[in-house]
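Participant: Take a look and give me a structure for this.
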Amino acid sequence: MALILPVKGVHPEIPESCFVAPNATIVGDVIMGEACSVWFNAVVRGDVNSIRMGNKVNIQDGACIHCTYEKTKTVIGNHVSIGHHALVHGCTLEDNVLIGMGAIVMDNVVVGSNTIIAAGAVVLENTRCESGSIYAGVPAKKVKDISQELIHGEIDRIANNYVMYSSWFK
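Facilitator: Have a look, this model is predicted:
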């Protein structure tokens, strides 16, 4: 059974349409949209500030979503995929974003819509990632504009696939 706990009397809000893996952890001030999924060993820690997720967000195996006490909240838009073992901390991810496996997105970052953060990238504090771009490297820099094929072929496909995968476990 997933570890879902209140913090200081605030309980996570998880719609029935969501899938939460049996060993995932979700605590505190977390509000999830419809058709979201939190996968095996993922942690969503709304203990020191709030975490808000839109619809069709998938937080893949081993990923960690957190924020900073009295400073930064985490806001995640619609159709967002957060790859295996990624760290998303006190930032804003707009709609249609893909965070690659093992990427780190730090406090006060804003990732614009239709953007990919490559696997292993480190997006430093206070960075603004422009919409429709691919960012890669350590520290992450814009490497190119994103094509419509990548938006539909990767960002949309992965978000939709994770809705399908979660149905296998319900």
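Participant: how about the lengthiest helix in the chain: buried residues?
Facilitator: Across the chain, the longest stretch assigned as helix under DSSP state H is helix 157-167. Buried residues in helix 157-167, counted by 16 or more other C-beta atoms under 10 Å: 158-159, 162-163, 166. To be clear about C-beta, it is placed using only N, CA and C from the backbone, and glycine gets the same treatment.
Participant: Pull the CA coordinates from it and hand them back as CSV.
Facilitator: Once non-C-alpha atoms are left out, helix 157-167 reads as follows in CSV (Å, rounded to 0.1, in the frame of the first residue of the first chain):
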residue,chain,number,x,y,z
ARG,A,157,3.0,10.1,-26.6
ILE,A,158,4.7,9.6,-23.2
ALA,A,159,2.0,11.4,-21.3
ASN,A,160,-0.7,9.3,-23.0
ASN,A,161,1.2,6.1,-22.6
TYR,A,162,1.5,6.5,-18.9
VAL,A,163,-2.3,6.9,-18.6
MET,A,164,-2.5,3.6,-20.5
TYR,A,165,0.2,1.9,-18.3
SER,A,166,-1.6,3.0,-15.1
SER,A,167,-4.8,1.3,-16.3
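Participant: So which residues make contact with the helix or strand bottoming out on mean pLDDT in the chain?
Facilitator: Lowest mean confidence among the helices and strands of the chain (mean pLDDT, DSSP states H and E): helix 148-150, at a mean of 86. Helix 148-150 is contacted from outside by 116, 134, using C-beta atoms under 8 Å, 6 or more residues apart in numbering.
Participant: so how far is it off the chain centroid?
Facilitator: 20 Å (C-alpha atoms, centre = their mean, to the nearest Å).
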